[in-house]
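Student: Predicted model follows, preceded by the sequence.
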Amino acid sequence: MNDELNAIKQTFINESLDLLEAMERSLLKIENSPEDQETINTLFRSAHTIKGSSGMVGYYEIEKFTHTLENTLSSIRDGKLSINRDIIDLLLECKDYISDMIRVYAIEESVLTEEMRIKGDLLKVKLQNLKDEKKVLEKELKESSEIINIEGIWHISVKFNEDILTYGFDPLSFINYMQKIGEVRYIFVNAQKLPPLEELNHEKCYLSFEIGLYTELGKKAIEDIFEFVIEDVKLRILPPNSKVEEYIKLIEELKTDSEKLGEILVNAEVITKKELEDALEEQRNRKVLKGEEKKIGEIIVEEKMAHQPVVDVALEKQKKILESKQRESKTIKVDSEKLDHLINMVGELVIATAGLNQQSMKIGFKEFLESVSIMTRLVEDIREKAMQLRMVPVGETFSKFQRVVRDICKETGKEIELRITGGDTELDKNVTEKINDPLMHLIRNACDHGIETPDVREKIGKPRKGIVKINAYNDAGSIVIEIIDDGKGIDKEKILQKAISMGLIQDNQQLSEREIFNLIFHPGLSTAEDVTKFSGRGVGMDVVKKGIESLRGIIDIDSKKNIGTTVRIKLPLTLAIIDGFMVSVDDANFIIPLEMVIECLELNGFSREDTNQKKYIDLRGEVLPLIRLRDIFYNNGFLPPIENVVVVKVGQQKIGIVVDKLKGEVQTVIKNMGIFYKNYRHISGATILGDGNVALILDVQYLLNGGLVC
Amino acid sequence: MGRTIMIIDDSASIRQVVSLALTKAGYEVVEAEDGQDALNKLQNIKVNLIICDVNMPNMDGLTFLKNLKQLSNHKFTPVIMLTTESQQSLKMEGKMAGAKAWMVKPFKPEQMLEAISKLILP
């Protein structure tokens, strides 16, 4: 412990001395260029940091002194105090004093001498005096409003109509009544309007009152005191400062659809209706009499009906309400079929534009090329916008699972909480619909097999309540959905045994952790001992995997014993159009989804000869297995002088695809292959290129796992 | 599962005090020197809670908060702001930008741990 404290102290000393040096540099710089705001900021920040850290480390004397210095610096920063040579001298002296203090307290670990203490006090007084010179004026201005800010006290200012006495009311009775609902802390009588004695009419009320009332009651109750004379009194009730936070909270939580600031404030009981009317009248008066255009919020603050921060919050609220109203009115429901149609057309448009692009290259007419490139850009924007039309937040799908989890808890006696995060992440509507079943399966698995019963959990020191989390987020052009449980994890041994007994693997086969977990996706493999209503029949995970793959997604499992399991699903944002990378073998074109491509290499000379036997290359010290497209799709054809390797990454695996030529990036509109081709698993679809040719889209996932690594 | 907390402060000694207290309480701690540094680090890691100073060079606390909300994986990470200024307006700005709690320096480690335990599960 002592070592740690010493280490902290040492850090503090080094850091503070550095900062003090920086302060000195800034001060000298400011002397030459007093207008340099950036340097003044640095100066302020240095003092601020020293103050903060000395307080944290426990040198309160240093903190106190630096606080005074910081105040002065903040006046300088805010332009309230202009810098001159004397001030710089004083500040430099202060800097020296701080470094003295650090030496005494932190390095020598002693206390200040009497002499130093006096010096410190003197410096503090000097610093304060600097501020006071400017403050005197402000203070006078403030004097009258100062009394308002006493904690917990309502400030009520009352100006009665001059004729109030003739109506039969006694102002004193109202003040007396106040004693009943609270405690009157102070009263100031304003007698400015009182005329000279000879002009004084003893039937008129010339006095007005400023009253400080301490009460638990709200604004309305205070206003009610004056209920009977409300028309004949000018009343201002300013809530105590302590109320400000309460009001802010009220406004934030307020459920209203009124977009008028005044109404928001009335609804939150910040101001009363009467006050609002007064303020509105004041607004009108100012416009008519003085030609002033004032906002209602400004008037409410100026007339001391509410504090500025409260009005600010209300303004923010107003903005939000307005926004949500606009959003409401701007939503149009569209038949999703129409939308699909539109997106199809956009797809065709993309293809057509690509064709146009190619033609324009051939013609090579400059102005023509330029128009085509503008059009290409526009079409790309259109494609993006069209895709966004189909995006919906995934949260809705997720929230359905709450019910599922609840049901499982009831059935199995487990205690499970489902936490949803990232629900506003957006995903293609079609994908959202199709992802529902696989997710449901995974959630059930997590609850059923993952989370232990409360008793078991307690025994191994986990909280009784298990947690299953669904989390969604965007990650480089795709969306990732994670299902995380804090249950018992997957038993690797069990999977291995089962897999061996099923003949999936040999019992001397070495498998990585990832490969073992991936065995779960084999049909028929379930390690749950008993089949429950919800899961354990071994038909689950392979169906899940197929479901995800049909969406061109990737599923991945990670698990730690007794800590939990994470299933990670990575999905493309959209189904219809992808960015593709085109390659060719002989005269056939193939598309690899661009997001999977990491890099391209040339395969020539020696390494090429080598691969004929080894079927892998050395990629900067890494073994990179190769797949030769020529081997899969061709047996003959011209072998080009140079072949290329496209390095792709699927999940955590990397693989090199050997092709003849690299052709570059293309916008790929995916067309499904007819059922006639359904057995050709290497191909996931096709696309039509700009020149009318067809290119096949490779199913990289299948190439990787289909045992085709050459 | 271990909880990770990020402390962002330009003062090394404050970082050290805070991270000592947190490590002792069983949290993993990641340190960052200012808002920009923090944003860079958050690209690669996921933290459960962020403790952040207001007044810092390069990128101050409020700007950091605003930027944090743009990171998809940390959009909902609770943030405790640290400051020596208990000004109402700053506090409001922080609240608007999404700070969950506010602590005035100097504070005791226990106060901080209590605030943390209110925001995330132990």
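Tutor: Okay, I see it.

Student: Pick out the residue nearest the middle of chain B.
Tutor: B:Ile51 (1.4 Å; CA atoms, centre = their mean).

Student: Can you name the residues that contact that residue?
Tutor: If a contact means CB atoms under 8 Å, 6 or more residues apart in numbering or on different chains, then B:Ile51 has B:5-9, B:18, B:79-80, B:82, B:112 as its contacts. Every residue, glycine included, has its C-beta placed from N, CA and C.

Student: so what's the backbone phi/psi at it?
Tutor: phi -110, psi 130 (degrees, to the nearest 10).

Student: ok, now A:Leu624?
Tutor: Dihedral angles (degrees, to the nearest 10) for A:Leu624: phi -110, psi 110.

Student: Which residues are in contact with it?
Tutor: Per CB under 8 Å, 6+ apart, neighbours of A:Leu624: A:616-618, A:645, A:647, A:654-656.

Student: same thing but at 6 Å, please
Tutor: A:616-617, A:656 (CB atoms under 6 Å, 6 or more residues apart in numbering or on different chains).

Student: Quick one: classify the closest residue to it other than its chain neighbours as helix, strand or coil.
Tutor: Distances taken as CB to CB, 6 or more residues apart in numbering or on different chains place A:Gly656 nearest to A:Leu624, at 4.8 Å, with adjacent residues excluded. Classification of A:Gly656 by DSSP: H, G, I helix; E, B strand; the rest coil places it in strand.

Student: ok, A:Gly656 to chain B distance?
Tutor: 27 Å (CB to the nearest CB, to the nearest Å).

Student: give me the number of residues near the residue nearest to A:Ala191 when sequence neighbours are not counted?
Tutor: Using CB to CB, 6+ apart and skipping the chain neighbours, the partner closest in space to A:Ala191 is A:Leu207 (5.8 Å). Neighbour count of A:Leu207, defined by other CB atoms under 10 Å in any protein chain shown: 15.

Student: In chain B, where's the longest helix?
Tutor: Taking DSSP state H as the criterion, chain B has its longest helix at helix B:12-24.

Student: residues in contact with the one helix or strand A:Ile50 maps to?
Tutor: Here A:Ile50 sits within helix A:37-57, counting by DSSP states H and E. Residues from elsewhere that reach helix A:37-57, judged by CB under 6 Å, 6+ apart: A:12, A:16, A:19, A:22-23, A:26, A:29-30, A:62-63, A:66-67, A:69-70, A:73, A:77, B:10-11, B:13-14, B:17, B:55, B:84, B:105-106.

Student: go on, stretch A:360-380?
Tutor: So stretch A:360-380 is in contact with A:349, A:353, A:356-357, going by CB under 6 Å, 6+ apart.

Student: re earlier: bridged to the residue nearest to the centre of chain B, which residues?
Tutor: On the basis of DSSP bridges, B:Ile51 is bridged to B:Ile7, B:Ile80.

Student: That one and B:Trp102: what is the separation?
Tutor: B:Ile51 is 11 Å from B:Trp102, where distance means CB to CB, to the nearest Å.

Student: that older thread, just give me how far the helix holding A:Ile50 sits from the chain centre.
Tutor: 28 Å (CA atoms, centre = their mean, to the nearest Å).

Student: list the buried ones in that helix?
Tutor: For helix A:37-57, the neighbour count (16 or more other CB atoms under 10 Å in any protein chain shown) marks A:39-40, A:42-57 as buried.

Student: residues from chain B in reach of chain A?
Tutor: Listed as neighbours of chain A in chain B under the rule CB under 6 Å from any CB of the partner chain: B:10-14, B:16-17, B:20, B:55, B:72-73, B:76, B:84, B:88, B:92, B:105-106.

Student: Quick one: buried ones out of those residues?
Tutor: B:10-14, B:16-17, B:20, B:55, B:72-73, B:84, B:92, B:105-106.

Student: Can you check the pLDDT for residue 117?
Tutor: Just going to use chain A. In this model, A:Arg117 is scored at 85, pLDDT.

Student: ah, I was thinking of chain B
Tutor: 82.

Student: did I read that right, it in a helix?
Tutor: Yes. The assignment for B:Ser117 by three-state DSSP puts it in a helix.

Student: Return the distance of it relative to B:Leu22.
Tutor: 12 Å.

Student: So for those two, which residue has more residues nearby?
Tutor: Neighbours per residue (other CB under 10 Å) separate B:Ser117 from B:Leu22, with B:Leu22 holding more: 22 against 11.

Student: I'd say that one and B:Val29 touch.
Tutor: Yes. Using CB atoms under 6 Å, B:Leu22 is in contact with B:Val29, at 4.9 Å.

Student: Which stretches in chain B count as strands?
Tutor: Assigned by DSSP state E, the strands in chain B fall at B:4-8, B:28-32, B:49-53, B:79-83, B:101-104.

Student: Deepest in the core, which of those strands is it.
Tutor: strand B:49-53 (a mean of 25; mean count of other CB atoms under 10 Å in any protein chain shown).

Student: and that strand with strand B:79-83, angle?
Tutor: Angle, strand B:49-53 to strand B:79-83, by axes from the mean of the first three to the mean of the last three CA atoms, to 10 degrees: 20 degrees.

Student: pull the CA atoms of strand B:49-53 into CSV?
Tutor: This file holds the C-alpha atoms of strand B:49-53, laid out as CSV (Å, rounded to 0.1, in the frame of the first residue of the first chain):
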residue,chain,number,x,y,z
LEU,B,49,-18.1,2.6,-17.7
ILE,B,50,-16.2,5.8,-18.4
ILE,B,51,-14.9,8.3,-15.8
CYS,B,52,-14.0,11.6,-17.6
ASP,B,53,-12.6,14.9,-16.6
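
Student: average model confidence for it?
Tutor: Per-residue scores along strand B:49-53 average to 90.

Student: In chain A, which residue sits nearest chain B?
Tutor: A:Gly55 (3.2 Å; CB to the nearest CB).

Student: Just the CA trace of stretch A:308-316, in CSV.
Tutor: What follows is stretch A:308-316, C-alpha atoms only, in CSV (Å, rounded to 0.1, in the frame of the first residue of the first chain):
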residue,chain,number,x,y,z
GLN,A,308,-32.5,30.8,-16.8
PRO,A,309,-31.4,27.1,-16.6
VAL,A,310,-35.0,26.0,-16.1
VAL,A,311,-36.1,28.0,-19.2
ASP,A,312,-33.1,26.6,-21.1
VAL,A,313,-34.3,23.0,-20.3
ALA,A,314,-37.8,23.9,-21.4
LEU,A,315,-36.5,25.3,-24.6
GLU,A,316,-34.6,22.1,-25.3
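
Student: A:Ser82 and A:Leu130: what is the separation?
Tutor: Distance from A:Ser82 to A:Leu130, by CB to CB: 10 Å.

Student: same question, A:Glu109
Tutor: Applying CB to CB to A:Glu109 and A:Leu130 gives a distance of 33 Å.

Student: Tell me where chain B is predicted with low confidence.
Tutor: B:1, B:85-89, B:121-122 (pLDDT under 70).

Student: Return the nearest residue of it with respect to chain A.
Tutor: B:Pro106 (3.2 Å).

Student: Excluding residues flanking it in the chain, which one is nearest that residue?
Tutor: A:Gly55 (3.2 Å).

Student: can you check A:Thr166 too?
Tutor: A:Thr166 sits nearest to A:Glu203 (CB to CB, 6+ apart), 5.6 Å away.

Student: who in chain A is up against chain B?
Tutor: A:4, A:8, A:11-12, A:15, A:45, A:48-49, A:52-53, A:55-57, A:309, A:421, A:473-474.

Student: which residues touch the most centrally placed residue in chain A?
Tutor: Taking CA atoms, centre = their mean, the centroid of chain A lies closest to A:Gly422, which sits 10.1 Å from it. Shown in contact with A:Gly422 (CB under 6 Å, 6+ apart): A:471-473.

Student: what's the spacing between it and A:Asp437?
Tutor: For A:Gly422, the distance to A:Asp437 - CB to CB - is 20 Å.
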